[in-house]
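[1] Pasted the sequence and its predicted model underneath.
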Amino acid sequence: MTTKKMYNKAGFLEKPTPRMFENGGMKDLRKKQKEEKKKLKAENKAQRKTERAGIKATKEARKKDRNAKPLTDGAGPIVEMSRKEKRENKRITRKAIRSTRKERRAENREERKSLRAKQRSERKDLRSKNKEAKRSAKEEKKNILTKKVDNVKKTIKKKAIESTTTNVVKKDDNKKSTNTNKKESTVENKKLSFNEAFRKNKNEGKSTFTWEGKSYHTKTKSEMEKEKNKKKVTKKKGDDAQS
């Protein structure tokens, strides 16, 4: 879309407002004001035309009065005008025409001035409205963005809290389960005698167990001796291979 350049009276390019190229904006207002100026100009032109016609008619009538002969064709004054009276009559008519023209020009000038002031105030009001609309739109956009950012922050915070709570709960559950298992085993071992506890853990296939706060292995004497003999045999084999 090509933007039309809008110049003010001083010839400076005006900054385009948000509604300048929309319906009811600055463009339409300027168009309307231009039409108003054209209408006033046409009215003044028609007024001048009628005024000129009236002045011409009055001039002709005054001229006829000045040049009239007494009692000719049943018209004219009884006494003919002297040269002095004719000059005075001319002067009066010129003065009257000048005064009417002056009054008419003053009226037209006042009309143009009032129209310019009205149009200027209309443009000023529209600019202020556009400025206010732009500012409100900017604030609304800013509020929407801030709300979105706040919502995102809240969701992130919520997720972080949920993850931390779940991790803490899991850890607590694991600790509780381990503690309960330990407690149960210690309680059971405390109740039992050493031989009973040893036999029970041995049957369960555990390598170690706790009894009265101390840890013990589940190897029998025969098993320990077998392990020692195996170690000795392996040592002898190693020595023979070296020699």
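    Structure's in. What do you need?
[2] Show me which residues of stretch 215-230 are buried.
    T218 (16 or more other C-beta atoms under 10 Å). Where C-beta positions appear, they are placed from N, C-alpha and C, glycine not excepted.
[3] chain center to it: distance?
    Its chain's C-alpha centre and that of stretch 215-230 lie 84 Å apart, by C-alpha atoms, centre = their mean, to the nearest Å.
[4] hey, C-alpha coordinates of it in CSV?
    Output in CSV follows, covering the C-alpha atoms of stretch 215-230 (Å, rounded to 0.1, in the frame of the first residue of the first chain):
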residue,chain,number,x,y,z
SER,A,215,27.4,-58.1,62.1
TYR,A,216,28.4,-61.8,61.6
HIS,A,217,29.0,-64.0,58.5
THR,A,218,27.1,-67.2,57.8
LYS,A,219,30.1,-69.4,57.0
THR,A,220,30.5,-72.6,59.0
LYS,A,221,33.7,-73.9,60.4
SER,A,222,34.0,-76.7,57.8
GLU,A,223,33.4,-74.1,55.0
MET,A,224,36.1,-71.9,56.3
GLU,A,225,38.6,-74.8,56.5
LYS,A,226,37.8,-75.8,52.9
GLU,A,227,38.5,-72.2,51.8
LYS,A,228,41.9,-72.3,53.6
ASN,A,229,42.9,-75.6,52.0
LYS,A,230,41.9,-74.3,48.6
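[5] measure the most centrally placed residue in the chain to K147 for me?
    The chain has K138 as the residue nearest its centroid, 2.7 Å off, counting by C-alpha atoms, centre = their mean. As judged by C-beta to C-beta, to the nearest Å, K138 and K147 stand 15 Å apart.
[6] Return the residues in contact with the residue nearest to the centre of the chain.
    Applying C-beta atoms under 8 Å, 6 or more residues apart in numbering to K138 gives no contacts.
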